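Q: I'd like to go over a predicted model; first the sequence, then the structure.
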There are 2 protein chains.
Amino acid sequence: MVEFAVFGTIVGALGVIYAIYLARWVLRQDPGSEKMQFISQAIATGARAYLFRQYRTLALLLVILAILIAIAIDIPRGTYGLTALGFIVGALGSMLAGYLGMYVTTRSASRVAQAAATSGMGKALLISWRAGAVMGVSLASVALLLISAFYLVFKQMTNEWAVPLVALGFGASLVTLFMRVGGGIYTKAADLGADLVGKIEAGIPEDDPRNPGVIADNVGDNVGDVAGMAADVYESYIVTVTAAIFLAAILGLPAQYIEAIILYATLALLATFVGVNLLKTSGVKNPLSSISVAIYATIALSIILFFAGSFLLGIELWRALALATATSLGAIIAPLVVKITDYYTSYNYSPVRRIAEQAKISPATVIITGYGVGLMSAIPVIAVIAAVLGISYMIGYHAVPVQTFGEYSKYLAGIFGTAMASVGLLVIAGIIITADSYGPVSDNANGVVEMAGLPDNVREVTDVLDSIGNTTKATTKGYAIASAALAALVLFIALIFEIVYAVHKIIPGENIIEIMEKNLGVLQVINPNVLIGAFIGVSLVYFFTSRTLEAVGKTAMEIVEEIRRQFRERPGILEWKEQPDYARVVDIATRRALGEFLIPGLAAIIVPLLTGLVLGWNALAGLIMGAIVAGVPRALLMANAGGAWDNAKKYIELQGLKKTDMHKAAVIGDTVGDPFKDTSGPSLNPLIKVLNTLSVVFAYAIVLANVAIGIYPFGLLPL
Amino acid sequence: MVEFAVFGTIVGALGVIYAIYLARWVLRQDPGSEKMQFISQAIATGARAYLFRQYRTLALLLVILAILIAIAIDIPRGTYGLTALGFIVGALGSMLAGYLGMYVTTRSASRVAQAAATSGMGKALLISWRAGAVMGVSLASVALLLISAFYLVFKQMTNEWAVPLVALGFGASLVTLFMRVGGGIYTKAADLGADLVGKIEAGIPEDDPRNPGVIADNVGDNVGDVAGMAADVYESYIVTVTAAIFLAAILGLPAQYIEAIILYATLALLATFVGVNLLKTSGVKNPLSSISVAIYATIALSIILFFAGSFLLGIELWRALALATATSLGAIIAPLVVKITDYYTSYNYSPVRRIAEQAKISPATVIITGYGVGLMSAIPVIAVIAAVLGISYMIGYHAVPVQTFGEYSKYLAGIFGTAMASVGLLVIAGIIITADSYGPVSDNANGVVEMAGLPDNVREVTDVLDSIGNTTKATTKGYAIASAALAALVLFIALIFEIVYAVHKIIPGENIIEIMEKNLGVLQVINPNVLIGAFIGVSLVYFFTSRTLEAVGKTAMEIVEEIRRQFRERPGILEWKEQPDYARVVDIATRRALGEFLIPGLAAIIVPLLTGLVLGWNALAGLIMGAIVAGVPRALLMANAGGAWDNAKKYIELQGLKKTDMHKAAVIGDTVGDPFKDTSGPSLNPLIKVLNTLSVVFAYAIVLANVAIGIYPFGLLPL
């Protein structure tokens, strides 16, 4: 049998080399004047300082968790600390992804600004895009490399290699969760604080160097949007692919089905290598359509390769083609979600225009209507997810040869079909991250242009690049949420089967099908344990959203007071006579963001563990379903309402209505949308996955505890 | 065996007589000057016109549905049109409840105003309270009367009497849904429109007769808050009690268990007769504490009567006492929810003060923080519901003698325990409606005082009464949502068993326990049909919220334009020289509210029916669970965020900061909160119950269709 995992390891390593090549190309570009470099440097320093402090804060927690995993999981299962190792490597990977994103973006910003000043749009676009590609290619490559290599190594060492593989995803998603929350609070509090005092009270433009919050605002973009989104898509990739592999292993599918997952991931990465080179940059009028072409071409090429690759799998051809079909279905979700997001958040369509229209009346109706648009936008995305879920289930049901679970085999085969769809959605992540990372690079470049006082025609170029970046950022959010939803569903099934296997080991003598029947039997929606669990899951989503929103408000308030104080005490600042104290604002944002990010993050660990240990594993399953059912639409609502408010404001600006009451009303909408779309909404993705991966990793310990206190399998309330 | 249903019928009839006595007392009071009567009259005319047009619009739909029910349900089941009859009577009951609420409130407003002017606080409080008691006593009495009488009659006519009884609830909740949506859009669009132009642009006070929107605004209070809330609690009562009776019947419990439900409801009504007379009015400093005393005393008396009544049931005493305990647990939810709501929405505690604090920065942070408070407020309420659910389940599990369902019997006994808790929460509805209806009466009285130009010291009295009314209104919302949640859970189980019985009749020969196992077996949370259904349920909640929010925005926009036009074209209005054209604004609000209320209402009928018929009954079950899990916390979020914003504004006003930027920021929060708390949030209660009751009523037809197209029991996707 061909070991596609070896192939995956090699292509992953090649991808890392290719990313290094791209990075060197970007760094060879002219970094601009000393002033431009100085500004870039200040932003980079602030961002690095924040990330390192964040990582230090997390270090202790990660070490404690690793020890806990080693004791509670690796020792009883005899897995040589591999689960703890997977967890730590996954966590380090997310940290690296975040750091890399920040490094590339801050390094390339001044280079893009300089290119815009000296060579015009084409070159500036190319540098931003390649900087994005450094991220896209390296993250997808590292993810594939890690998964393939760990799979190869782990399965040599133990039969119980599947849980350590999922631990990779747990580590990645946990760190991402903290990065999303901390970075999200930082970026939006700094943004809000800087804008409220600068733009609204002092009447100076965005990114004006007189604003003491301007560096913190730019640092925030890097630690929130860049580091956060990079880590988010990276962890989704790891979580989804390892969950699918886990499922294949636990369902007893032939090894070729695991190999198929790795093969498709590898082929999609190869397609990405091609895709990042397809961007047309010379003589481009509308860079957005060039970017779309590159994305669609990559997806199309991936799909062709999926079908071509089916011939190599060494399983019956019709089954292989069915797998390729299910995988392709997943890949097709991406453009559909992009289109839907575009409809609800772009000012070319009716929803955003309706919001802008309401600005004629009052800020309140802008909020009400935008919230309504956000709610509505969740529906078609969910419909797409549900449709793909249903179709890929049918494909798997008929084509995947699960055999070891008696009458349940067909059903599990169907679930494996949905897992392949989720793999299809995720393995094209490289090109999506490329397009997404392009956004903050041009945003930062725009900031450098403004702060360095470059001429207006340069600003026009970077403005165009920046506005497209906003679109790619918005659509990536939709992609990330859809992928989180699919990943969560696959992981959820993985959890049920991990429970079954844990019981099989812990209570010897029972037949595995009997155990499964017993476990599935208590998973009914009318089981009071499941229902109470579901309410806990929804509550967790609400708690998380509430805490992160309020944290932004509180932190912004401190920043506003600090900026007001500086303007008041040192009136020379606004007259360009004094340098503002940027560092104090950076320090406040850092301190508060790190002060606020622990409690929600710890809740995501402690609540599911306690629920599982005390109320029973079926309450835990209910918790996860509740979190998915409440969290996915809420994440869409928050991302899209935020995007729609943002663009309603831009639409009004385009009509030359800046500084009118109408514009002010729209600005309030935009400001409400900021933490919706960049703090609370994005935190829900990793939250859902942390709940899931944590449960899979700790399933063994939870079952042990349930059996010990006598609540297995019914939970606290007898059934 | 004692027929407590006869007792219930008699006490219900007595209650109606008592309500008439109270109404005559209120109407005997001095209605005030001609001007005051004229204003009351104008409001009453507008409200009556709206309600009648709304009822006419609904009439056709109700007739079509009744015919459909007769054909699809009564004919195949041989129930002599009783299901259609139950549906129509239930619907008429809700209409009557709405009309009665409007009638009493508008009639008593000028009387309360006059009492405030001539006799002071004590008398004004007494009239408002007794006007509220007319509503509370009559609705609880009519509900009990209808249920008891129908139960007595239906069970003489057919063994299949249980579904027709639930149809009573379906009719009631469907009409309520339309009233909530239509009235909610009307009231908030008129309020918003009148305030935006009047208070903010023209700078005239609320309820100023120069504002062309002032009558529409007051009409809105009556058709939205009064008619809507009255119908809401009334239908919750009917739905919950009939669902519990249905469950007892379908579980094959001895008739005493059905009698117990009716007995407890009757005893609670007797306690209410006493409770409405317990209000201390003379020499009262703080009317709110008098009202709380009356409510708590009624609840305490009810609980004592539940335990005393247990001795009459004729079942083993320990079982009877267990039933009384479960029922009392439900009754205790009410004060707990009141306390929680108070904490999150009153300016005496930190959450509202945090929101007010943010008004120093910007309207945007007011919105963000208030939304966060709303999210957080849902969690303790859900925790209370979950705890009562768990405890009453355990009580039922051990004490209720279900026997006909083999090993499932204990579980179903547990569910009956939760049904008793939900009955306990609902049967105290009389006193809750009394306290709630008191609010709009004093609100209307306040309007009359302002518009009739009565002196300031009168306004002070009605202001106190009005502000307490806001508190009782806010807490009633929490009560209504908690009761909707419990009712929905009971109904959900009723649905599953109705499906089981339908299958038992449609596919002869199968053993009922086998059928039940098969049906429960496909209700697992990992079933793709259930999951897709859950996503449809969440989507429906989102669709509903989005449509109602946007409808308020759109309608308000038209009203704003009309009021601006009147001020522009007839400048004499603001100088007291010209009479504004109130009727045009009333007409716009009426027309638009009725134009917008059909689509969401129809969606609530069509989506679940289609889901059940096409995707299968298990997708329908998933839909209902999704709607409950998403809808209950969302209803709490919207009600409490709205209340918190409202009171943050009041808190700032109390500090004498009216007309400052801080106050303006808080007003924007309050305006966003208006449709949250009075349109979209309250519509979710009847939505959840319509989905449930509709499904129970149509279960038979759905199973027939599922069997016919071959998707029973697995749904569209095979399992």
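A: That came through, no problem.
Q: Please name the nearest non-neighbouring residue to residue A:698.
A: Leaving aside its chain neighbours, residue A:698 sits nearest to residue A:609 (6.3 Å; criterion: Cβ to Cβ, 6 or more residues apart in numbering or on different chains). C-beta here means a position set from N, CA and C on the backbone, and glycine is covered the same way.
Q: count of neighbours near residue A:78?
A: 9 (other Cβ atoms under 10 Å in any protein chain shown).
Q: I'd assumed residue A:158 was in contact with it.
A: Yes - counting by Cβ atoms under 8 Å, residue A:78 touches residue A:158, with 7.3 Å between them.
Q: How many residues are close by the residue nearest to residue A:698?
A: 18.
Q: From residue B:688, how far out is it?
A: For residue A:609, the distance to residue B:688 equals 31 Å [Cβ to Cβ, to the nearest Å].
Q: Grab the CA positions of stretch A:496-511 and hand them over as PDB.
A: Output in PDB follows, covering the C-alpha atoms of stretch A:496-511 (Å, rounded to 0.1, in the frame of the first residue of the first chain):
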ATOM      1  CA  ILE A 496     -19.400   9.500  21.100                       C
ATOM      2  CA  PHE A 497     -17.100   6.800  19.700                       C
ATOM      3  CA  GLU A 498     -14.300   7.600  22.000                       C
ATOM      4  CA  ILE A 499     -16.800   7.200  24.900                       C
ATOM      5  CA  VAL A 500     -17.800   3.800  23.500                       C
ATOM      6  CA  TYR A 501     -14.200   2.700  23.300                       C
ATOM      7  CA  ALA A 502     -13.400   4.100  26.700                       C
ATOM      8  CA  VAL A 503     -16.200   2.000  28.200                       C
ATOM      9  CA  HIS A 504     -15.100  -1.000  26.200                       C
ATOM     10  CA  LYS A 505     -11.700  -0.700  28.000                       C
ATOM     11  CA  ILE A 506     -12.900   0.300  31.400                       C
ATOM     12  CA  ILE A 507     -15.800  -2.200  31.800                       C
ATOM     13  CA  PRO A 508     -14.500  -5.400  30.300                       C
ATOM     14  CA  GLY A 509     -16.600  -8.100  28.900                       C
ATOM     15  CA  GLU A 510     -19.300  -6.100  27.200                       C
ATOM     16  CA  ASN A 511     -19.700  -6.300  23.400                       C
END
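Q: average pLDDT for it?
A: For stretch A:496-511, mean pLDDT is 88.
Q: Give the buried residues for that stretch.
A: A:496-504, A:506 (16 or more other Cβ atoms under 10 Å in any protein chain shown).
Q: among these, which are in strands?
A: Within the buried residues of stretch A:496-511, no residue falls in strands by DSSP state E.
Q: Identify, from the residues you listed, the entry nearest to chain B.
A: residue A:496 (6.1 Å; Cβ to the nearest Cβ).
Q: which ones are touching that closest one?
A: A:519-520, A:523, A:621, B:526 (Cβ atoms under 8 Å, 6 or more residues apart in numbering or on different chains).
Q: try 10 Å
A: By Cβ atoms under 10 Å, 6 or more residues apart in numbering or on different chains, residue A:496 lies in contact with A:250, A:412, A:415, A:516, A:519-520, A:523, A:617-618, A:621, A:695-696, A:699, B:524-526.
Q: hmm, back to that, quick check: the residue nearest to residue A:698 vs chain B, distance?
A: 18 Å (Cβ to the nearest Cβ, to the nearest Å).
Q: try residue A:408
A: 9 Å.
Q: Now that residue: closest residue in space, sequence neighbours ignored.
A: residue A:516 (6.3 Å).
Q: Can you report phi and psi for that neighbour?
A: The phi/psi pair for residue A:516 (degrees, to the nearest 10) reads phi -60, psi -40.
Q: so what's residue A:226 up against?
A: Going by Cβ under 10 Å, 6+ apart, residue A:226 touches A:47, A:98, A:100-106, A:135, A:183, A:187, A:220, A:436-437, A:439-441, A:443-444.
Q: and it, that one's in a helix?
A: Yes - membership of residue A:226 in a helix is supported by DSSP: H, G, I helix; E, B strand; the rest coil.
Q: Tell me, what's the model's pLDDT at it?
A: pLDDT for residue A:226: 80.
Q: mind checking which helix or strand the residue positioned nearest the centre of chain A is in?
A: Closest residue to the average C-alpha location of chain A: residue A:232 at 2.6 Å, with Cα atoms, centre = their mean. In this structure, residue A:232 sits in helix A:227-250 according to DSSP states H and E.
Q: Now the element after that helix, going C-ward?
A: Per DSSP H and E, the first helix or strand lying C-terminal to helix A:227-250 is helix A:255-275.
Q: Just want the angle from that following helix to helix A:227-250.
A: Calculated by axes from the mean of the first three to the mean of the last three Cα atoms, to 10 degrees, helix A:255-275 forms an angle of 150 degrees with helix A:227-250.
Q: Restricting to C-alpha, output helix A:255-275 in PDB.
A: C-alpha atoms of helix A:255-275 as PDB (Å, rounded to 0.1, in the frame of the first residue of the first chain):
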ATOM      1  CA  ALA A 255      -6.100   2.200   6.100                       C
ATOM      2  CA  GLN A 256      -6.700   3.500   2.600                       C
ATOM      3  CA  TYR A 257      -9.500   5.700   4.000                       C
ATOM      4  CA  ILE A 258      -7.100   7.400   6.300                       C
ATOM      5  CA  GLU A 259      -4.600   7.700   3.500                       C
ATOM      6  CA  ALA A 260      -7.300   9.200   1.300                       C
ATOM      7  CA  ILE A 261      -7.700  12.100   3.800                       C
ATOM      8  CA  ILE A 262      -4.000  12.800   3.800                       C
ATOM      9  CA  LEU A 263      -3.800  12.400   0.000                       C
ATOM     10  CA  TYR A 264      -6.600  14.900  -0.600                       C
ATOM     11  CA  ALA A 265      -5.000  17.400   1.900                       C
ATOM     12  CA  THR A 266      -1.700  17.000   0.100                       C
ATOM     13  CA  LEU A 267      -3.200  17.500  -3.400                       C
ATOM     14  CA  ALA A 268      -5.000  20.600  -2.200                       C
ATOM     15  CA  LEU A 269      -1.700  22.000  -0.900                       C
ATOM     16  CA  LEU A 270      -0.100  21.300  -4.300                       C
ATOM     17  CA  ALA A 271      -3.000  23.200  -5.900                       C
ATOM     18  CA  THR A 272      -2.400  26.000  -3.400                       C
ATOM     19  CA  PHE A 273       1.300  26.200  -4.500                       C
ATOM     20  CA  VAL A 274       0.000  26.800  -8.000                       C
ATOM     21  CA  GLY A 275      -2.900  29.100  -7.000                       C
END
